[in-house]
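**Q** 3D model of this:
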Amino acid sequence: MRVDVRNNNVDQALRILKKKLLLDGFFNELREREHFSSKGDKRRHAKAAGIRRCKKEQKKRKEELGF
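**A** Residues are numbered from 1 along each chain as shown. Predicted coordinates:
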């Protein structure tokens, strides 16, 4: 990944780099690789994330449409 530094503004370049890494999913992958997790843990985590997504979508739909 590459970020250009303009006018010797390193702080701005670092901010842009962090944002690119965040959108790329780099920090999430680092966090996942920090400790070993079994297949079951991964499956449970994915299922819980799906349930959270579904509930969030239902809540949003209920607020917008009323049902």
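
**Q** can you list the weak-confidence ranges in the protein?
**A** Filtered on pLDDT under 70, the chain yields the residue ranges 67.

**Q** would you list every one of the helices in the chain?
**A** Assignment of helices within the chain using DSSP state H yields the ranges 10-24, 26-34, 39-65.

**Q** same list, those helices, but as CSV with mean neighbour count and distance to residue 2 please.
**A** No exception for glycine: its C-beta is placed from N, CA and C like everyone else's. Output for these, formatted as CSV (neighbours: other C-beta atoms under 10 Å; distance: least, C-beta to C-beta, whole Å):
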stretch, mean neighbour count, distance to residue 2
helix 10-24, 12, 9
helix 26-34, 10, 14
helix 39-65, 10, 31
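
**Q** measure residue 12 to residue 52 for me?
**A** 34 Å (C-beta to C-beta, to the nearest Å).

**Q** with residue 41 instead?
**A** Note on residue 41: its distance to residue 52, by C-beta to C-beta, is 16 Å.

**Q** fine, thanks again, bye for now.
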